[in-house]
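Student: Prediction below, plus the sequence it came from.
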Amino acid sequence: MPEKHVAEEQYLQRYYFIICYSGHEYGDGEGAALPDEAAARAYALRVVRELIQDGGCDDTGLRVIVVDETGRQVFVTPFAHDRAIR
């Protein structure tokens, strides 16, 4: 169920970000409460940028799968996509 952010009277949905590479998946069990899919996409791209900048993620097969609180896959962001926007 969407969370209500009282100060702004806005309903937030929880999105989960799953990092995938080499047949492994690492998810954030907590997720992030965000207003919409556009905010989830921006958050995913920020995660990608941070992982690349930290130097441990150079595999072009790496990707972030974004799932909403109902378990529906919202979109997939390939890490290679971030290299094009840096």
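Tutor: Structure's in. What do you need?

Student: Next, give phi and psi for residue 34.
Tutor: phi -130, psi 160 (degrees, to the nearest 10).

Student: Now do the contacts for it.
Tutor: With contacts defined as C-beta atoms under 8 Å, 6 or more residues apart in numbering, the neighbours of residue 34 are 12, 13, 14, 15, 40, 43. Any C-beta I mention is one placed from the backbone N, CA and C, and that applies to glycine too.

Student: and which of those is nearest residue 76?
Tutor: The closest of the contacts of residue 34 to residue 76 turns out to be residue 40 (C-beta to C-beta; 11.9 Å).

Student: for the chain, what spans make up the strands?
Tutor: All strands of the chain, identified by DSSP state E, fall at 3-5, 10-21, 24-27, 32-34, 63-68, 73-78.

Student: what's the most buried one of those?
Tutor: Compared across those, strand 63-68 shows the largest average neighbour count, a mean of 19 (mean count of other C-beta atoms under 10 Å).

Student: Could you quantify the relative orientation of it and strand 73-78 as an angle?
Tutor: Interaxial angle of strand 63-68 relative to strand 73-78 (axes from the mean of the first three to the mean of the last three C-alpha atoms, to 10 degrees): 160 degrees.

Student: could you say what helices and strands strand 63-68 packs with?
Tutor: With contacts taken as 3 or more C-beta pairs under 8 Å, 6 or more residues apart in numbering; DSSP states H and E, strand 63-68 sits against strand 10-21, helix 37-53, strand 73-78.
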